[in-house]
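Participant: only geometry, no sequence info:
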Ligand SMILES: O=P(O)(O)OC[C@H]1O[C@H](O)[C@H](O)[C@@H](O)[C@@H]1O
């Protein structure tokens with residue numbers, strides 16, 4: 001039985017070492033509008049003034065190449081968080097002192113905005129919400145006693161529930177093992193990516209419960225996960241995670257899993273846990289059906305910044321990951337990121353480099369390259385955190401900016417055998433962030449595969465070699481270094497990027513905390529499903545005739561009163577036919593105009609509905 005003492009042992013500590021903060025005269029702060037004007041109609045939206053800094057940016061070919069000068073730059077700009085053992089090297093990004101000086105007022109304004117955010121300002125003006133994910137790791141910063149109590153009570157409930165499950169005190173009603181052995185997490189986006197990243201990074205080799213994810217509405221994917229569980233479905237704890245409580249993919253996953261439970265003769269509510277906003281559809285369902293447990297999400301925590309809420313903490317604790325250490329690492333990083341001296345503020349340093357490298361308009365992609373297998377999913381996690389935060393059409397003043405920074409990557413040295421060729425020699429449309437982990441293996445486990453050389457030495461050499469090779473061809477990079485991958489360093493990495501995104505968003509004057517674009521996709525999907533219902537009704541009517549009346553696409557479109565949607569109707573029919581839900585009487589889907597389609601059976605209930 002895994003030791004459970006580590007899960008929730010110590011409380012987050014805030015003792016951090018004091019960075020030397022040389023006094024700097026505060027420059028007058030440019031004023032950003034505290035409450036943006038409502039967005040103008042698109043036709044009236046103005047093109048935003050260029051984000052480019054006023055100084056002419058030297059062509060990247062102007063990077064410093066003298067090794068002594070580079071060493072001086074490395075030492076001058078190296079950021080170190082002693083207590084976390086975390087370093088940030090920005091020396092291979094070519095920003096100039098003049099650029100830093102020019103950006104200083106905007107950074108001071110951004111840091112002030114961040115200070116206001118942490119005090120409870122409506123930092124998400126489009127949704128009229130506070131932004132409180134930083135309070136999750138230091139509840140004393142919550143703006144009210146009520147919120148502090150909610151945060152503390154939720155954390156205690158998470159620890160208590162996880163301890164009881166891991167110890168077997170809470171067990172499934174009928175399983176040979178007599179305890180929960182599996183976690184099936186059903187959720188998508190921010191309700192999956194954080195838990196997936198942390199599980200990959202921190203789950204022990206033999207966790208008390210092994211986690212798997214349903215994070216899509218793909219029937220085959222769902223079947224695969226349930227098939228892999230097999231009889232262990234009886235000892236599976238199902239976490240259904242959805243802040244809104246209404247995301248279609250998550251709801252579909254839940255319904256499919258509940259079907260599997262029924263078919264296995266299992267009682268789902270006794271193995272179901274909901275993590276969602278109070279009184280959401282999911283919360284009410286779980287309450288009414290009497291699920292095993294419910295944990296709250298708060299409207300002031302966004303999906304992409306929810307790893308330190310019940311969304312991430314409960315699955316992690318159930319795998320015996322020390323979540324208080326994760327919180328402590330994040331809290332220490334948060335504290336460092338409150339420095340008003342840019343070079344002592346790692347998040348500000350990241351934002352500065354992002355602005356320089358991408359001209360403040362996303363002109364280059366952010367390649368995330370952890371040289372550590374366990375950090376493989378960090379880039380996928382950052383794709384949502386960065387791109388859903390920064391990828392916005394309008395800025396806070398209603399200007400059309402089409403902002404963002406694209407993120408991709410996997411891990412090194414593996415990716416050196418995939419796309420690094422293009423990074424080294426090809427189109428120069430990126431900057432790299434290396435994530436370096438100094439500890440190769442737990443102490444005492446190292447092994448020399450040749451005299452004086454270990455596997456880890458190769459990994460180290462590949463990272464350094466790639467960094468040098470890219471820089472030699474004027475490709476810029478950052479390096480974040482941690483001692484090892486553990487809950488504290490993972491918490492710190494998450495906090496570092498959450499804060500960098502927030503600071504960068506302020507610098508480019510956008511709201512990092514809403515996601516209007518995803519609503520458009522959801523709405524369009526709803527329209528396709530509505531059209532599908534009409535197509536099926538029309539085909540059903542034609543199929544109930546004697547004899548059956550196969551229809552052409554034009555006939556289906558006319559009877560749906562949607563001639564303009566004929567292409568979508570064709571795609572719907574092709575999808576139906578591929579799944580044996582419609583039959584092609586004549587022609588084939590490769591020649592859309594040739595097909596005549598009908599349903600294999602007449603549904604009289606539908607016909608007279
Ligand atoms: O947690 P849920 O409410 O189910 O939302 C899941 C995801 O849905 C949308 O895609 C949002 O843009 C994401 O930010 C969110 O993480």
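Facilitator: Sure thing, it's come through. Computed from a predicted structure; not experimentally measured.
Participant: use CA for all of it now, contacts and neighbours both
Facilitator: Fine.
Participant: SS state for the residue in the stretch 351-500 of the chain that the ligand sits nearest to?
Facilitator: Residue nearest to the ligand within the stretch 351-500 of the chain: residue 388 (7.0 Å; C-alpha to the nearest ligand atom). Look at residue 388: counting by DSSP: H, G, I helix; E, B strand; the rest coil, its state is helix.
Participant: For it, give me its contacts.
Facilitator: Residue 388 sits next to 304, 512, 515 when contact means C-alpha atoms under 8 Å, 6 or more residues apart in numbering.
Participant: switch to 7 Å and redo it
Facilitator: Counting by C-alpha atoms under 7 Å, 6 or more residues apart in numbering, residue 388 makes contact with residue 515.
Participant: just checking, residue 503 touches residue 112?
Facilitator: No. Judged on C-alpha atoms under 7 Å, residue 503 makes no contact with residue 112 at a distance of 9.7 Å.
Participant: Those two: which is more packed in?
Facilitator: residue 503 (29 against 17; other C-alpha atoms under 10 Å).
Participant: Could you check how far that one is from residue 353?
Facilitator: 12 Å (C-alpha to C-alpha, to the nearest Å).
Participant: residue in the stretch 51-200 of the chain nearest to the ligand?
Facilitator: For the stretch 51-200 of the chain, C-alpha to the nearest ligand atom, closest residue to the ligand: residue 190, 3.4 Å.
Participant: Pretty sure that residue sits in a helix.
Facilitator: Yes. Remark: residue 190 belongs to a helix, assigned using three-state DSSP.
Participant: pLDDT wise, what is it at?
Facilitator: What the model reports for residue 190 is a pLDDT of 98.
Participant: and if you look at the one 4 residues further on?
Facilitator: Residue-level confidence at residue 194 comes out at 98, pLDDT.
Participant: what does residue 484 give?
Facilitator: So, for residue 484, pLDDT stands at 98.
Participant: mind checking the SS state of it?
Facilitator: coil.
Participant: So it is in contact with residue 437, correct?
Facilitator: Yes. The criterion here is C-alpha under 7 Å, and residue 484 meets it with residue 437 at 5.4 Å.
Participant: so how far is residue 421 from residue 407?
Facilitator: Using C-alpha to C-alpha, residue 407 is found at 18 Å from residue 421.
Participant: more crowded one of these two?
Facilitator: residue 407 (22 against 12).
Participant: nearest residue to that one other than its sequence neighbours?
Facilitator: Among residues not flanking residue 407 along the chain, residue 366 sits closest, at 4.7 Å (C-alpha to C-alpha, 6 or more residues apart in numbering).
Participant: Confirm the one you found sits in a strand?
Facilitator: Yes. Looking at residue 366 with three-state DSSP, it is inside a strand.
Participant: how far away is it from residue 163?
Facilitator: Counting by C-alpha to C-alpha, the gap from residue 366 to residue 163 is 39 Å.
Participant: count of residues packed around the residue in the stretch 301-450 of the chain that the ligand sits nearest to?
Facilitator: Taking C-alpha to the nearest ligand atom as the measure, the point where the stretch 301-450 of the chain comes nearest the ligand is residue 303, at 3.9 Å. Residue 303 has 27 neighbouring residues, counting by other C-alpha under 10 Å.
Participant: same deal with the one 5 residues further on?
Facilitator: Applying other C-alpha under 10 Å, we find 26 other residues in the vicinity of residue 308.
Participant: contacting residues around the nearest residue to it once chain neighbours are set aside?
Facilitator: The shortest distance from residue 308 to any non-neighbouring residue, by C-alpha to C-alpha, 6+ apart, is to residue 136 (6.2 Å). Listed by C-alpha under 7 Å, 6+ apart, the contact partners of residue 136 are 151, 308, 309.
Participant: If we use 8 Å, what do you get?
Facilitator: Residue 136 touches 151, 308, 309, 327, counting by C-alpha under 8 Å, 6+ apart.
Participant: Skipping adjacent residues, who's closest to the third one in space?
Facilitator: Translated: residue 309. Nearest to residue 309 is residue 136, by C-alpha to C-alpha, 6+ apart, at 6.5 Å.
Participant: Which helix or strand contains the spatially closest residue to residue 127 that is not a sequence neighbour?
Facilitator: Beyond its immediate neighbours in the sequence, the residue positioned closest to residue 127 (C-alpha to C-alpha, 6+ apart) is residue 514, lying 7.0 Å away. Under DSSP states H and E, no helix or strand contains residue 514.
Participant: Please tell me I have it right and residue 514 contacts residue 124.
Facilitator: Yes. If you go by C-alpha atoms under 8 Å, residue 514 and residue 124 touch, sitting 6.7 Å apart.
Participant: just to revisit the earlier point, can I take it that the residue nearest to residue 308 is in a helix?
Facilitator: Yes. Secondary structure of residue 136 (three-state DSSP): part of a helix.
Participant: Could you measure from it over to residue 303?
Facilitator: 14 Å.
Participant: for the stretch 101-250 of the chain, what spans make up the helices?
Facilitator: 145-167, 193-202, 219-229, 248-263 (DSSP state H, counting those that start in this stretch).
Participant: which one of those lies closest to residue 76?
Facilitator: helix 193-202 (31.6 Å; C-alpha to C-alpha).
Participant: Residues touching that closest one, excluding its own?
Facilitator: Under the criterion C-alpha under 8 Å, 6+ apart, external residues in contact with helix 193-202 comprise 211, 213, 304, 306-307, 311-312, 315-316, 319, 321, 374-378, 380-381, 485-487, 490.
Participant: What about the residues you listed, which are in helices?
Facilitator: 311, 312, 315, 316, 378, 380, 381, 487, 490 (DSSP state H).
Participant: in the stretch 401-550 of the chain, which segments are predicted with low confidence?
Facilitator: The stretch 401-550 of the chain contains no residues with pLDDT under 70.
Participant: Just list the residues touching the closest residue to residue 400 other than its chain neighbours, thanks.
Facilitator: If the residues on either side of it in the chain are set aside, residue 400 comes closest to residue 394, at 4.4 Å by C-alpha to C-alpha, 6+ apart. Contacts for residue 394 (C-alpha under 8 Å, 6+ apart) come out as 39, 400, 401, 402, 403, 510.
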